[in-house]
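Student: the following comprises the amino acid sequence and a computationally predicted model.
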Amino acid sequence: LAAARYFEQTGDEELAGVLSTHYRAAYEASDEGPEADALQVQARLSLRAAADRAISLGSSGQALAYLREALDLSTEPADRGPLLELAAHAADLEGDEEDAVALGRRSVETFQAAGDRDGAARATIQLSQILIDAGFAEEVVALLSESIADTVEPAVRARMLANLSRAHYRDGNVAESVRVADEALALAEPQGLDGVIAETLVNKGSALAGRRVVEPAILLRAAIEMASELGDVDSELRARSNLAVLQSLDDLPAAIRGWTEVRGVAERIGVRSIAEWAVGSLSWGYLERGEDWDAALAHIEESMSLVRSESSRGFLHGSAEQILLLRGEDERAEREARESALGAFEGSEFDAWFLHHPGWKLLLAGSYREAFDSLQAIIPRLRQVKLFGRHGMVGAAAWARDEELARAALAETQVEPYSGGVYRAVGTLAEGSVLALGADAAGARERLLEAERRIRGTGWEWWTALVRLSAMFLLPDDPVIAAWEPLVRSRLEACLL
């Protein structure tokens, strides 16, 4: 106890961990009674302070250990609620999704048991963020919709609406995401809730990304600037990561540079959840870049030893699975590893990223009709990644030289208007396929050349080869299109061999 009081008198924040250790030891060495009760409180408070200090230094794992000790010393719901709330935050920063979700749920329940409405609302907002990070956007939509209906206080409603907007866009409902974001901004701006405004701009810009290009870029850049001024590192990094997604539609190499920067910053400051998201984005970016799939597989293998969350492991295994599948190699081990890692996330958005694999496998086997039907069936479930299924449908129609399939594929690309070079190239390829199979060679040539021009400058080298290959199937006698053959062969050999 004397040592604890000595360290406390120094006022040195760097000794927070040492101080908590001495108070814990003093409590455990004391006999039951008023002094022990006082030491228990002091030990709990010092452990909480040590956890706060650890989080500020980027040591979320150490913070979680301190908070578990503090929880062991706490019995009253009023004491346990804030500790569980901070523990859920630490687990989320650490990338431990299952633990973060479990702690988040317990924090809400504990605040409710204590009759603390403000604490319960705050914990619900945090739980919704954790669930979104874990891929359960659909559950968050239900959770927040119910909570908002019972919430009157404008600032709390604004924060809930901001998260609800994010949940909607992660669940693939862009229109509702934008509507809810505007409602959040209408509440947040008059109250000067700058943090909520920055977060909502990230969500609205991210929701619009792909559907539009100019507006979401403006929103995301404004969010980056605002979050930076506020010192809101999480929102700034998320905005930078999502801006890279938008950039990838027209300039994939620039997006890869953006994700690399986000990963580096997130790792330095200890925000593991964002760092791991960037790692997953990079694995996907290297795959679609199509320069060197051996290097992409090496990146995935190296990253596997760095990530901790099961969803990140599943994503990496899924990226490796796709490369092996496209190469015609045995992908079963990676598929089983991916399914095992994502077992706790069944029904989450993470499943959507890999639903197209069976369809692409049928496509590469030459079973075009079956591939088309498989890909068309999963489109509603692909949430944010419908492009993966739609491109396969267009390819199946072109390679089968089937006008019926081509018209169905074209109709699918027109369900939702998208912007960006990659999206526009796929839609234009679908138009060219319909014209070619309808014997309009001149019109088809114009659209196919336009599709190739649009995809060529984006840096999506693998997809550029597939667009060229489709055009060669459709108009094999056209001299300009036939001249692409060496380029296609070179790219396919670089990726597949």
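Tutor: Okay, I see it. Numbers count the residues shown, from 1 in each chain.

Student: show me the helices in the stretch 301-450 of the chain, by range?
Tutor: 310-327, 332-341, 349-352, 357-364, 368-378, 386-400, 403-413, 421-437, 441-456 (DSSP state H, counting those that start in this stretch).

Student: what helices and strands are in contact with the longest one?
Tutor: Packed against helix 310-327, as judged by 3 or more Cβ pairs under 8 Å, 6 or more residues apart in numbering; DSSP states H and E, are the following elements: helix 97-113, helix 272-289, helix 293-304, helix 332-341, helix 349-352, helix 357-364, helix 485-496. From N, CA and C alone the C-beta is placed, and that goes for glycine too.

Student: next: the second one.
Tutor: Secondary structure elements in contact with helix 332-341, counted by 3+ Cβ pairs under 8 Å, 6+ apart, are helix 310-327.

Student: buried ones in the helix it packs on?
Tutor: 310-326 (16 or more other Cβ atoms under 10 Å).

Student: between that helix and helix 485-496, how many degrees?
Tutor: 140 degrees (axes from the mean of the first three to the mean of the last three Cα atoms, to 10 degrees).

Student: chain center to helix 310-327, what's the gap?
Tutor: 15 Å (Cα atoms, centre = their mean, to the nearest Å).

Student: check the burial of the closest residue to Asp171 other than its chain neighbours by counting its neighbours.
Tutor: Using Cβ to Cβ, 6 or more residues apart in numbering and skipping residues adjacent in sequence, the residue nearest Asp171 is Ala137, 4.1 Å away. By other Cβ atoms under 10 Å, 24 other residues sit near Ala137.

Student: Ala137 and Tyr418: what is the separation?
Tutor: 20 Å (Cβ to Cβ, to the nearest Å).

Student: same thing with Arg221?
Tutor: Taken as Cβ to Cβ, the span from Arg221 to Tyr418 is 21 Å.

Student: so what's the residue count around Pro358?
Tutor: Pro358, neighbours per other Cβ under 10 Å, totals 16.

Student: mind listing what the nearest residue to it once chain neighbours are set aside touches?
Tutor: Distance criterion Cβ to Cβ, 6+ apart; nearest residue to Pro358, sequence neighbours excluded, is Ser374 at 5.7 Å. Counting by Cβ atoms under 8 Å, 6 or more residues apart in numbering, Ser374 makes contact with Pro358, Gly359, Leu362.

Student: what comes up buried for stretch 243-260?
Tutor: 243-252, 255-256, 258-260.

Student: my error: substitute stretch 295-307 in the last question.
Tutor: Buried, per 16+ other Cβ under 10 Å, within stretch 295-307: Ala296, Leu297, His299, Ile300, Ser303, Met304, Val307.

Student: Cys495 versus the second one, what's the distance?
Tutor: Distance of Leu297 to Cys495, computed by Cβ to Cβ: 11 Å.

Student: my guess is the residue nearest to Asp171 contacts Arg170, does it?
Tutor: Yes - using Cβ atoms under 8 Å, Ala137 makes contact with Arg170 at a distance of 3.9 Å.

Student: so can I have a markdown table of the helices of the stretch 301-450 of the chain showing mean pLDDT?
Tutor: Formatted as a markdown table, the helices of the stretch 301-450 of the chain follow (pLDDT from 0 to 100):
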| stretch | mean pLDDT |
| --- | --- |
| helix 310-327 | 91 |
| helix 332-341 | 93 |
| helix 349-352 | 75 |
| helix 357-364 | 90 |
| helix 368-378 | 92 |
| helix 386-400 | 84 |
| helix 403-413 | 89 |
| helix 421-437 | 91 |
| helix 441-456 | 96 |
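
Student: of those, which is nearest Ala121?
Tutor: With Cβ to Cβ as the measure, helix 349-352 is the member of those nearest Ala121 (25.1 Å).

Student: packing partners for the closest one?
Tutor: Against helix 349-352 (3+ Cβ pairs under 8 Å, 6+ apart) you get helix 310-327.

Student: got the angle for the helix it packs on vs helix 357-364?
Tutor: 10 degrees.

Student: can you map out the helices along the stretch 101-250 of the chain?
Tutor: 117-133, 137-149, 154-170, 174-191, 194-208, 214-230, 233-248.

Student: of these, which is nearest Gly104?
Tutor: helix 117-133 (3.8 Å).

Student: contacts only, for the nearest residue to Trp360 once chain neighbours are set aside.
Tutor: In this structure, Trp360 finds its nearest non-sequential neighbour in Gly392, 5.6 Å apart by Cβ to Cβ, 6+ apart. Neighbouring residues of Gly392 by Cβ under 8 Å, 6+ apart: His356, Gly359, Trp360, Leu363, Ala371, Phe372, Leu375.

Student: and Leu86, by the same measure?
Tutor: By Cβ under 8 Å, 6+ apart, the neighbours of Leu86 are Arg48, Ala51, Asp52, Ile55, Ala63, Leu67.

Student: can you put those in a markdown table and add distance to Leu83, secondary structure and neighbour count?
Tutor: Formatted as a markdown table, those follow (distance: Cβ to Cβ, whole Å; DSSP: H, G, I helix; E, B strand; the rest coil; neighbours: other Cβ atoms under 10 Å):
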| residue | distance to Leu83 | secondary structure | neighbour count |
| --- | --- | --- | --- |
| Arg48 | 7 | helix | 22 |
| Ala51 | 8 | helix | 29 |
| Asp52 | 11 | helix | 17 |
| Ile55 | 13 | helix | 20 |
| Ala63 | 11 | helix | 29 |
| Leu67 | 6 | helix | 29 |
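
Student: need those residues in JSON lines with pLDDT and distance to Trp460, can you?
Tutor: Output for the contacts of Leu86, formatted as JSON lines (pLDDT from 0 to 100; distance: Cβ to Cβ, whole Å):
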{"residue": "Arg48", "pLDDT": "86", "distance to Trp460": "49"}
{"residue": "Ala51", "pLDDT": "89", "distance to Trp460": "44"}
{"residue": "Asp52", "pLDDT": "87", "distance to Trp460": "45"}
{"residue": "Ile55", "pLDDT": "87", "distance to Trp460": "39"}
{"residue": "Ala63", "pLDDT": "91", "distance to Trp460": "41"}
{"residue": "Leu67", "pLDDT": "93", "distance to Trp460": "45"}
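
Student: nearest to Ile481, of those?
Tutor: Ile55 (57.8 Å).

Student: so which of the helices of the stretch 101-250 of the chain is nearest Gly81?
Tutor: helix 117-133 (5.3 Å).

Student: would you turn the helices of the stretch 301-450 of the chain into a markdown table with distance to Gln191?
Tutor: Below are the helices of the stretch 301-450 of the chain laid out as a markdown table (distance: least, Cβ to Cβ, whole Å):
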| stretch | distance to Gln191 |
| --- | --- |
| helix 310-327 | 35 |
| helix 332-341 | 42 |
| helix 349-352 | 31 |
| helix 357-364 | 47 |
| helix 368-378 | 43 |
| helix 386-400 | 37 |
| helix 403-413 | 42 |
| helix 421-437 | 37 |
| helix 441-456 | 44 |
